[in-house]
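**Student:** build me a model:
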Amino acid sequence: MKIESAACPRVDTLRITTLMIVVSGLAACSGGSPPSGAAGPGPAPAIAATTIDKAVRNVAVVTSRNACELLVRADAEAAVGQVLPQNTVKNVELGMCDYNTSDFSAGASLSVSSWDSIKAAATSGAHQPATVAGVGDEALGLRGLLYVRRGNEGFLLDLHGPNIDRLPDHGLAAEKNLALKILGKF
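**Tutor:** Numbering: from 1, shown residues only. Alright, predicted model coming up:
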């Protein structure tokens, strides 16, 4: 796993923790006594990479999409209305890309995954998202977050900062415009 980051925001920490729990759990399952009727003592069999890969995909953490190819810095800066210098978190394996100011007071984040995972994140809290028309096959908005579906895949787009926060729609129009650009590359 490769993470390029000056500082990891809370979303990175949550996803990385989930991935580490899955991998650690699988590693723990590979040790121990052999099943009854199996050959005697010896080294515990190693977990095949495909087993870990399948388990990680089952928790919908891994994607084949490069989020930073979908959300480019220039588009993120235009949507947020300010420069987002060099505080980039890029994790291709987890489908994440974040552009932030040095103090994280403004930024743009994109997370790509299966729609089931994205929608579960949107609907799992006490506050339920509202339907957002005109974006993707389905879109949901909740407190400055835009969840978008195209086919079986989806993404979460988050724009934040003073230029976004002071808008009457809290940046929904900017998120919709940026989501349409992202969908054009999806």
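**Student:** least trustworthy helix or strand in this structure by mean pLDDT?
**Tutor:** helix 10-30 (a mean of 33; mean pLDDT, DSSP states H and E).
**Student:** helices along this structure, start to end?
**Tutor:** 10-30, 49-58, 67-70, 73-80, 115-123, 162-165, 172-185 (DSSP state H).
**Student:** tell me, which of those is the model least confident about?
**Tutor:** With a mean of 33, helix 10-30 has the lowest mean pLDDT of the helices of the chain.
**Student:** grab the nearest non-local neighbour of residue 180.
**Tutor:** If the residues on either side of it in the chain are set aside, residue 180 comes closest to residue 135, at 6.5 Å by C-beta to C-beta, 6 or more residues apart in numbering. In short, each C-beta sits where N, CA and C put it, glycine included.
**Student:** next: residue 68.
**Tutor:** residue 97 (3.9 Å).
**Student:** next, count neighbours for that neighbour.
**Tutor:** 25 (other C-beta atoms under 10 Å).
**Student:** need the contact list for it.
**Tutor:** 66, 67, 68, 70, 71, 88, 89, 90, 91, 109, 110 (C-beta atoms under 8 Å, 6 or more residues apart in numbering).
**Student:** what's opposite it in the beta bridge?
**Tutor:** For residue 97, the beta-bridge partners are residue 90, residue 110 (DSSP bridges).
**Student:** re earlier: ok, the residue nearest to residue 180 to residue 93 distance?
**Tutor:** 26 Å (C-beta to C-beta, to the nearest Å).
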